[in-house]
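>>> Got a predicted model here, sequence first, then my questions.
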Amino acid sequence: QHLADPMAEVPQLRLVQLFEALEACPQAAERLQSFARRRAPLLFDLVAVLLGPVTPLTLRNALGRVLCRCIARHSSLQSFFCSSLGPELQEEPNEATPAGR
């Protein structure tokens with residue numbers, strides 16, 4: 001929630017450093033993809049911050065590196081990430097295939 005606040009850049013980068021420390025931990029990968037307390041997974045929130053229009057460049061770079069390394073390291077997280085993109089990648093029935101597909 002507070003990662004998207006452009007006024008809190010230093011604490012945000014500290015949070016990214018914490019994620020870097022947890023990157024190799026299998027429990028961190030599980031937590032990134034869990035639907036705890038009926039909320040969206042933390043991975044979705046972090047990607048939203050990463051792609052947010054007001055995210056400072058330093059935070060965008062740091063968070064992007066950590067998320068990419070974390071996803072690359074954990075096969076369960078790779079599968080979850082790809083399956084979460086599934087609905088956007090599926091074609092609607094009776095629709096023309098978009099150019100380039």
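Perfect, I can see it now.
>>> what ranges do the helices span in the chain?
With DSSP state H as the criterion, the chain has helices at 9-22, 26-32, 42-51, 57-73, 75-89.
>>> Could you pull out the buried residues of the helix or strand of the chain at the bottom of the mean pLDDT ranking?
Of all helical and strand segments in the chain, the minimum by mean pLDDT, DSSP states H and E falls on helix 9-22, at a mean of 72. For helix 9-22, the neighbour count (16 or more other Cβ atoms under 10 Å) marks 12, 13, 15, 16, 19 as buried. (Glycine included, C-beta is placed from N, CA and C.)
>>> What of stretch 77-85?
So stretch 77-85, judged by 16+ other Cβ under 10 Å, has buried residues 77, 80, 81.
>>> and if you look at stretch 42-50?
43, 46, 47, 49, 50.
>>> Next: stretch 48-65.
For stretch 48-65, by 16+ other Cβ under 10 Å, it's 49, 50, 55, 59, 62, 63, 64.
>>> OK, contacts around the closest residue to the last one other than its chain neighbours?
Same thing as residue 64. Of all residues not flanking residue 64 in the chain, residue 50 sits nearest, at 5.7 Å (Cβ to Cβ, 6 or more residues apart in numbering). By Cβ atoms under 8 Å, 6 or more residues apart in numbering, the contact set of residue 50 is 60, 63, 64, 67.
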